[in-house]
Each structure stands twice: as structure tokens, then as C-alpha cells.
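In: Just the structure for this:
(3 chains)
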Amino acid sequence: MPEKPEAAPQQAKEDRPLQIHQDDKPLLEALPLPPEGTFVDPKAKKKAAAAGDEAAGGDAAAGPAAHPVVARLRQQFPDVSLEPVAQTVDGEPIVTVPAERWLEVARFLRDDPELAFDYLSDLCGVDYKDALQVVYHLRGLGHDRRLTVKVNVSKDRPEVPSVVEIWPGAGWHEREAFDMFGIRFLGHPDLRRILMPPWTPEDVFPLRKDFVDRRPKRERKVRPR
Amino acid sequence: MSLTREPAQELQLDPRLGDRVRVEDLGGGRQTMVMSMGPQHPSTHGVLRVVLTLDGETVVDAQPDIGYLHRNWEKIAEYMTYAMTVPFADRNDYLAAITNELVLVQAVEKLTGIEVPERAQILRIIFSELQRITSHLLWFGTFGLDLGAVTPFLHAFTAREYCYRLFERATGARFLYGYLRIGGLRNDVPDGWIDDLLAFLDQLEREYWPGFMKLLVENEIFVRRTKGIGVLSREDAIAYAASGPVLRGSGVRYDVRKADNYLPYDRFEWDVPVGENGDVYDRAIVRMYEMLESARIIRQAVKELPDGPVMAKVPRAIRPYGEVYHRVEGPRGEVGVYLVAAGDTNAYRARWRSPCFVHLQLLPLLARGHLVADLVAIIGSIDIVLGEVDR
Amino acid sequence: MPEWLVAALWAVLKASIALAFIGLNFIFLVWLERKVSARIQYRVGPWRVGKPHGWLQLFADAIKMFSKEDVMPAAADRWVWAAAPVVVFTPAVLLFVILPVGPNFGVQPDFNLGLLFLSAVSSFTLFGIFMAGWGSNNKYSLIGAMRAVAQLMAYEIPLVLAVLGVVMMAGSLSLQRIVEAQKDYWFVFPQFLGFIVFLIAAIAELNRTPFDLAEGESELVAGYFTEYSGIRWGMFMFAEYTNLFTMSAIAASLFFGGWNGPILPPVAWFLIKTYAFVLLAMWIRWTLPRIRIDQLLDLGWKFLVPVGLLNILITGLFLV
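Out: A predicted model of the protein is given here:
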């Protein structure tokens, strides 16, 4: 649709164009990656810091870093940084794995009989100010261990190894993450857009916080109030 | 006539659709035919398009093409407060709105640490099981339609109508309720509602369910149409993260209700029906028996329903921190929500894990080598709701 | 008046009556199907248009059908596409020629090649269906037409085999003679195997559920007539329902004594028996799911044909 010239004020009263989005700036704001691995209430953090000085040793033992799943991973991959280790509000450990070692770790997570995360419950992307993040929620059948794995990638080269060969069910989730965030999954057999129409411009990723709807403005005649 | 042979090549049906389809030479002058089934088609359960590569009537390849109902719930949820997101979550899987609300509401409750009163917990069980029954009733009807039997559809709708009347009386809406609130339920059930619920269960168990079995599931044609079709092996089911009746149809005794116990399901005695072969028939049978199990849970839950409030004290504005991945067992499988909260009234990231989305990617695997008629049965047996696939 | 003119006028009169009956019968059957399916499905069916029981609905349906837009697909094979409904429609009407409505009453019931005519003309429908499927230039239509061809070929043979047993007993191909031969007992008793084969094959021949693969709605949208609308679509429906009536009439005549019966006039008996079969076909249609194409062909070739042959063998042994 060609751009219409700006309507005169008198006309605008009769058919005022209804704007759907602000065109120039995104409405949402990206936050920087939380250094703790997950967003923590600053008040609680201060309180914990005040209380944690004397009981630091005890706290660390109870915290997510001491979780058996994390401990097992540390034991197997002493050279892989799992930091920051955190936990979700319901006590599920979160580890952050560097992208270049992720495939190796993933294979171990599935095949190790002590971990046996054979069920990739979900895979999604998250957009932060300084990085894109892929989040894997791992479960297993026959045990109740849970694990969230995060892989951070830079926005300049958002490339993560695909886990399709480990968990085939990741196929469409990865396509969706590619579609929505532009994260490229290396080794994915069929990485193309899945939900967005195929004629979407190549640099448009709707779930990124800086997404702006640059389609031609839709105009609708509304009765002036 | 344009039914002339195209040369064997990589063929794009329409460059704007972005399909990758290959017309293959099968030798002896035969070629595969590419057929675009949907998005307007009677049995694609919404707006699904499947690009079929056919050899005669045999499916060589079936590539689902989705996104026709895409409205990006995840983005819109970032704009809205947690409470505003709940009614919109109804629209994801519009046939099982209660479980959609449940998963979201419980995720927010986990984030904020709100304790839900016991009566509300038990009522949530009752409603989500009733929702499972309605959803399976609709599946039964449409699955009959997929197999060419029209009557079961209307019989199932008769029973379903009864359910929806119950829903309407309790929640004020038939389909998209907005009934579950963060911290409990919007309102308590009206007087006499429980009796009517039990009367419905009686009728379901005594009249509807045996009738459905006799009318369709035990029919010789039905059995022949479904046995051995679309077999999903145990290993594939787990590897592809299938869930719900699809996973259990393949013989995996796994149910999020048992595994996560997100509502006090462990108080009640109930079984998880599983299939043996993972074919269409087993998935159908699992769903049929799940209806009875749901009825069984509701009966026990009604007995244990305590008095008390149905809504906890909830702060006016919720500004939680942290993140949570919560999942519940919807009628179609594992519905999950991943919320990242950064201290705002809106979620920083809201992710919807839809079981249908996961199941639909099994379609090429299941359909290969079967006939077009079987493909329709397979689509019916994985029970997709396109509203949830596309979100 | 010269004799030939009388004969000609008489023929025209008979044909007009038959055609009028066919037309009315068609809309009545449509209404009946809607009512029967409604009863089976806990519904009431047509109700509003005309009291009681929405009887005016049948005319409303017909008017609607006539007034719908006639859309021809741009890529259709024009002539083939346009001719197909006529080709399907004509044999359906032609079959009325051999129906014995009463003793020596009907268009031409004492046609000495009656049953041969039946099998010849009824397979003519095949051409029309295939023309529709091919001419529409639609892949659903094409698959539907292919299915129809495979199906009708597979079921024409058992149909003829089943009829053959009756012919052997009556010693004639004329339906009139066959009905007269059933004065004392119905052929369904000695020919029970034949009747079963005939029933299944006839329903398959009529393209009705569980054998409605050619128009299998859930798979092929509407099969070979996906691209038809308005009156052209109506002609397919017309043919379908007329065939239903004809097949029922033939079943009644071959196996259930046709117009034979006490007290009531023969025409009444004929109609009662025919409509009993129509209702049976409707009952089956609204109860069963659809069979699959490979199962359909298996049933036709591997079950019905051998049973039909066995039936002929048994009949022959008894007659000898």
C-alpha cells in the first residue's frame, strides 16, 4: 500500500486513521542478562547478602549449586563453565552452558544413566539486551529430576548447535526459535520459518524486544468521538 | 489440461508458500503427485495445510504447514499484566480452556508464592477433569467424522452440550471461561451444581460412553481402519517428546498429573490407561478410557470437597522476580508455560509449550506409507487444535 | 388415430409420469434422508418450513439448488466438465424403464433383457463420474474418480453374480417374470447368499456410506463433484437418490416378491418394499464409518466374487 499523504486536520476528524502500533520505536525494553542466571528480587538479594555472611557455607550447600544434577554435571565436565548456576522459583536447577560445548553436554544429559534426561519438554528463546538465550527444559520419564539449561549466544552471531539428533522433538521448537528470534541452529535439517509467513523479511524476528511492525500502516475509518 | 507431467525436479508449489516438495520419478512412467491438503479442508481440524506427496493414494511425504492462526500469544503476553494474560490464554487451546488457565495461573502462583485455598484446588481438579471429558467428547465426534461416520459426532455433541451447560452455570461462559484466577477461582460453584455434575457423570458412564463404544469404537470397520495405522513406537514417542494420549497410546505410562502432582491428584485413586502398539486405535482407546478415569476422579473429588473460600488474598499488583517452567496435563498432552519475571507487572518472557505443536511434527513420521484416508485418521488421532499449534 | 400415434402418445405419457415421479421422489428422498438422519442423531431435522415436519423443506431445497450460482473452474475441461452431470443423470432415469410397479404395470417391465439392461446402463454412470473427476482438473476430484472407477468395477461383477442366481431360478431376465415367479415364496429364502452379496454390492454401487469413498468428505472434500455447484451439483444428487430408489426397487423385485402381497394393491406393496430398502440404506449410511479403499477392493474381489460364484454353484446344483 503506498504511503498516504498526511490528512488535513479537518479531514482527520471525519476519518481519523487508527494506528495499531507505534511505528518508530518498540514498546518493550530489553533487559541485560541477569548475572545470577535468573532475575532476583533486589530486596531479597540485599537481605540474603546481609544474612548470608555468617551462614555462607550452609547456604551454598543448600543452594542450586549443590543440586545432585549440577554436581554430576560438574564432575563429568570439570572444564565446562556452568555458571551462573541458579534455580527457578520451584527449585529446578538452572545451568548455563557455553554454546560450543552444549552438544557434548546435551548428549551426556540424555545418555548418562544417572541423569537420563530423555524428554525435552520445551525449548525456547529469550531476548536480552546483550545476548539471545536458548532455554531447554529437560525432564525424564521414570524419574522426577528436572533441569533447565540456558545457552547464551551473541546477537551478532546467534548460532547454537542443534539438538535435533539428540532429542528429535526439538525440530519444530528450534524452527520456532529461529522464526521468532533469529537464532540459527547449526545442523538443523530444515531450518526455515514455521509460524510467520514465508515472505517475512529476513531480518524480522517478532519476539525480539526491539521488534517494530514496519508493515504499511493499516488505516481504519473510525467515527470521530 | 494441466494434469500433464511435470519434469522430476525440486518443485515449489507457490514461491510465497515456501514449500519444498519434490516430484519424484517412480519409474515405469509413474510420478508422485503433489497435493496441497488444506487450509480449507473438512478434516484438517481448523486451518492446517498439509503438503502431500502422493504415489497414487499412498502418502510418500506429508509436510504440515502451520501458522495460519498465528497471533503470537507470547508477544502479546509480554504487553499484558499477568491477570490480563489469563483470559487470552483461553484462546490458545479453545477446546480445553480450563487447563490453559490452570497452567498459567499456577505458574504465576508459583512465582508469587500465593497459597491457593483447598476448596479451590479441588474445584480446579473437578473443572479440569470435566474439561478433559468435554475435549475428549469433541475428539470422539470429530474422529468419527474423519472416518466417515457422522452420527457419533452428533451423539458426542449431545453429551458435550450437557457438559457445557454445567460449565455455563458455574463460570458464566460455555467455552472461554476466564474462571480461574491467580489465587483461586472467580466464584464458587452454584447450589445444586454438584448434584447435576454427578447426574451427568452417571449418564455419561451408563448411557453415553457405552453407546459410543458400541456405535463406533467396537465397530469392525473402525477397528480395521485404525489398527496398525500410524504406529508411533515407544522410543519415538519419548524422543519426540510426545505427551498425553499420544505418548500413552505408545505404551508409556506417563502422566504429568502423576509425575508432577500439580494439584492434589495423589489423594484420589485412578489409573493411567495405556495402549500397546502406538497405533491410531490405541490412541483412540486411551482417550475413551481417560474419560472414565476423569469421571472417577471427579466422583472422588466431589466427596472430598471441603468448605471454605475459593480465593486467596492476592496483592493488587503482582511484581514477581524469578522464573518458572510449569506444566499440566491437558486433554491433548503436556501444556507448559515458561515465565521469566523481572519485577514488572508484565512477564519479561512468556512461553507457551503446546502439545499439539509437538505432536504435529510427528505427522510425516506417522503418515509415510499409508493411504490418504489413513492420513486423515492419523491427524484425527493426534487430536490437534490449530489454535494451540499456532498460538 | 393411427396406431403408431397412439403408441407414441402412450409412451410419452408413461415417460412423463415416470419423470414426474422421479422428480418428486428425489426431493422426497432428500427430505426423508434429512429426517431419518436427524432421528438417528437425536435431532428433529427440517421443522420450520411447513408444518408438520417441515414438509415444505423439500421444495425449499429444490428452489435453493436451482437458484445457486453455477461456477465453472477456470482450468476445467469445459465440455467434459459440463457433460458429466448429464451423463450421470441419464442412466439413473433410464433404469426406471424396467421397474415392474404392478402386474404388467410400469414403463416397460416385461423387457426381456431387463437385467442385462440394468447392468449395462448402471455401469454407464461410471463414465459420468470419471468425466466429472477428470474434467474438474482438481486433484481431489481426480482421486475420487479413480476410486469410483476401481470401486464400481469391483462391485459390478458381484452384483451381476448375485442377480444371476435369481435369474436361474426364474428362468428369465425380465423383471416382470421374476416377480411373477415369486407368487408363492420370496427368492430371498433360497437365494439368501445372493441377497447378502447383492445388498453389499448395491450399496457400494450407490456410493453410499460405508462405501462412499468416491466422495469421501473427510478425505476428498466432496470427491468427484468437488467443483460442482448449483443445479449441476443437484444433478449428481438427483442421480444418487434416484439410483437409491431404483436399486431398492430392484432389490425388492428380485428378492422380496416385488408387487406381490395380500390385501393392498400391488403398487402399494411395491412402494412399501422399495422404501423399506431405502430406509435400510439410510440406516446403514448414518451408522457406519467409511471403509478404506484397499479394504473395499479386498471385500469386493476376495469375498463377494467368490461368494457370488458359490451361490451360483449351489443354485445350479439345486436346479439340476
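In: Check the gap between the residue nearest the centre of chain A and A:Gln133 for me.
Out: Centroid-nearest residue in chain A, with Cα atoms, centre = their mean: A:Val126, separated by 2.1 Å. Distance from A:Val126 to A:Gln133, counting by Cβ to Cβ, to the nearest Å: 4 Å. C-beta: built from backbone N, CA, C; applies to glycine.
In: where does the residue of chain A found nearest chain B land on pLDDT?
Out: Using Cβ to the nearest Cβ, the closest approach of chain A to chain B is made by A:Pro198 at 3.1 Å. Each residue has a pLDDT score; the one for A:Pro198 is 78.
In: A:Arg184 too?
Out: For A:Arg184, pLDDT reads 89.
In: mind listing what it touches?
Out: A:Arg184 makes contacts with A:Pro158, A:Glu159, A:Val160, A:Phe178, A:Leu191, as judged by Cβ atoms under 8 Å, 6 or more residues apart in numbering or on different chains.
In: just to revisit the earlier point, isn't the residue nearest to the centre of chain A up against B:Val340?
Out: Yes. Taking contacts as Cβ atoms under 8 Å, A:Val126 lies within contact range of B:Val340: 6.1 Å.
In: shared neighbours, the two?
Out: What both A:Val126 and B:Val340 touch, as defined by Cβ under 8 Å, 6+ apart, is the set B:Tyr348, B:Arg349.
In: Show me the contact partners of stretch C:162-179.
Out: The contact list for stretch C:162-179, computed with Cβ under 8 Å, 6+ apart, reads C:98-100, C:104, C:106, C:109-116, C:118-119, C:181-182, C:187, C:190-191, C:193-195, C:197-198, C:201, C:250, C:253-255, C:257-260, C:308, C:311-312, C:315-316, C:319.
In: Strands of chain A, start to end?
Out: Under the criterion DSSP state E, chain A carries strands at the ranges A:86-87, A:93-96, A:119-127, A:132-139, A:147-153, A:159-161, A:184-186.
In: and chain B, which of its residues are near chain C?
Out: Contacts of chain B with chain C, taken as Cβ under 8 Å from any Cβ of the partner chain, map to B:1-3, B:33, B:35, B:41-43, B:57, B:144-151, B:154-155, B:158, B:215-216, B:219, B:221-222, B:224-225, B:371-376.
In: filter those residues to the buried ones?
Out: B:33, B:35, B:41-43, B:57, B:144-151, B:154-155, B:158, B:215-216, B:219, B:221-222, B:224-225, B:371-376 (16 or more other Cβ atoms under 10 Å in any protein chain shown).
In: which other helices and strands contact the helix or strand hosting B:Ala159?
Out: According to DSSP states H and E, B:Ala159 maps onto helix B:151-171. Applying 3 or more Cβ pairs under 8 Å, 6 or more residues apart in numbering or on different chains; DSSP states H and E, one finds that helix B:151-171 contacts helix B:118-146, helix B:193-203, helix B:209-212.
In: and whichever helix or strand comes after it, how far out from the chain's middle?
Out: Once the chain leaves helix B:151-171, the next helix or strand it forms, by DSSP H and E, is strand B:180-181. When C-alpha coordinates are averaged (Cα atoms, centre = their mean, to the nearest Å), strand B:180-181 and its chain have centres 20 Å apart.
In: Tell me the confidence at the residue nearest to C:Ala251 when sequence neighbours are not counted?
Out: Spatial nearest neighbour of C:Ala251, chain neighbours left out: C:Phe277 (5.1 Å); criterion: Cβ to Cβ, 6 or more residues apart in numbering or on different chains. pLDDT, C:Phe277: 87.
In: For the one helix or strand C:Phe277 maps to, C-alpha coordinates in PDB please.
Out: Remark: C:Phe277 resides in helix C:266-285, with elements defined by DSSP H and E. The C-alpha trace of helix C:266-285 is given here as PDB (Å, rounded to 0.1, in the frame of the first residue of the first chain):
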ATOM      1  CA  PRO C 266     -49.700 -54.200  -5.900                       C
ATOM      2  CA  VAL C 267     -48.400 -50.700  -6.400                       C
ATOM      3  CA  ALA C 268     -48.600 -50.100  -2.600                       C
ATOM      4  CA  TRP C 269     -46.700 -53.300  -2.000                       C
ATOM      5  CA  PHE C 270     -44.100 -52.200  -4.400                       C
ATOM      6  CA  LEU C 271     -43.600 -48.900  -2.800                       C
ATOM      7  CA  ILE C 272     -43.600 -50.300   0.700                       C
ATOM      8  CA  LYS C 273     -40.900 -52.800  -0.100                       C
ATOM      9  CA  THR C 274     -38.900 -50.300  -2.000                       C
ATOM     10  CA  TYR C 275     -39.000 -47.700   0.700                       C
ATOM     11  CA  ALA C 276     -38.100 -50.300   3.300                       C
ATOM     12  CA  PHE C 277     -34.900 -50.800   1.400                       C
ATOM     13  CA  VAL C 278     -34.400 -47.100   1.100                       C
ATOM     14  CA  LEU C 279     -34.700 -46.800   4.800                       C
ATOM     15  CA  LEU C 280     -32.300 -49.700   5.300                       C
ATOM     16  CA  ALA C 281     -29.700 -48.000   3.200                       C
ATOM     17  CA  MET C 282     -30.200 -44.700   5.100                       C
ATOM     18  CA  TRP C 283     -29.900 -46.500   8.400                       C
ATOM     19  CA  ILE C 284     -26.600 -48.100   7.300                       C
ATOM     20  CA  ARG C 285     -25.400 -44.800   6.000                       C
END
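In: That helix versus helix B:151-171: what angle between them?
Out: Angle between the axes of helix C:266-285 and helix B:151-171 is 60 degrees (criterion: axes from the mean of the first three to the mean of the last three Cα atoms, to 10 degrees).
In: Excluding residues flanking it in the chain, which one is nearest A:Pro197?
Out: B:Gly67 (6.7 Å).
In: C:Trp233 too?
Out: C:Phe225 (6.0 Å).
In: try B:Ile238
Out: Excluding its sequence neighbours, the residue lying closest to B:Ile238 (Cβ to Cβ, 6+ apart) is A:Asp118, at 5.6 Å.
In: residue contacts, the one you found?
Out: A:Asp118 makes contact with A:Arg110, A:Gly140, A:Leu141, A:Trp167, B:Ile238, B:Ala239 under the criterion Cβ under 8 Å, 6+ apart.
In: Compare the residues you listed and tell me which has the most neighbours.
Out: Comparing the contacts of A:Asp118 by number of neighbours (other Cβ atoms under 10 Å in any protein chain shown), A:Trp167 comes first, having 25 neighbours.
In: For burial, what's the neighbour tally of the residue of the stretch 101-250 of chain C found nearest chain A?
Out: Per Cβ to the nearest Cβ, C:Lys139 is where the stretch 101-250 of chain C lies closest to chain A, at 22.2 Å. Neighbour count for C:Lys139, taken as other Cβ under 10 Å: 19.
In: any idea how far the closest residue to it other than its chain neighbours is from C:Val221?
Out: If the residues on either side of it in the chain are set aside, C:Lys139 comes closest to B:Met35, at 4.7 Å by Cβ to Cβ, 6+ apart. For B:Met35, the distance to C:Val221 equals 11 Å [Cβ to Cβ].
In: Overlap in contacts, these two.
Out: By Cβ under 8 Å, 6+ apart, the residues touching both B:Met35 and C:Val221 are C:Tyr140.
In: Spell out which parts of the stretch 101-250 of chain B neighbour chain A.
Out: Counting by Cβ under 8 Å from any Cβ, the stretch 101-250 of chain B sits next to chain A at B:Lys110, B:Leu111, B:Gly113, B:Asp236, B:Ile238, B:Ala239, B:Tyr240, B:Ala241, B:Ala242.
In: Could you rerun that using 10 Å?
Out: For the stretch 101-250 of chain B, the residues in contact with chain A (Cβ under 10 Å from any Cβ of the partner chain) are B:106-107, B:109-113, B:234-243, B:247.
In: I'd like to know which of the residues you listed are buried.
Out: B:106-107, B:109-112, B:236-243, B:247.
In: Which pair in those has the greatest spatial separation?
Out: Pairwise distances across those (Cβ to Cβ) peak at 38.7 Å, for the pair B:Thr112 and B:Asp236.
In: Assess the claim that the residue nearest to C:Ala251 and C:Phe270 are in contact.
Out: No. C:Phe277 is beyond contact range of C:Phe270, at 11.3 Å (criterion: Cβ atoms under 10 Å).
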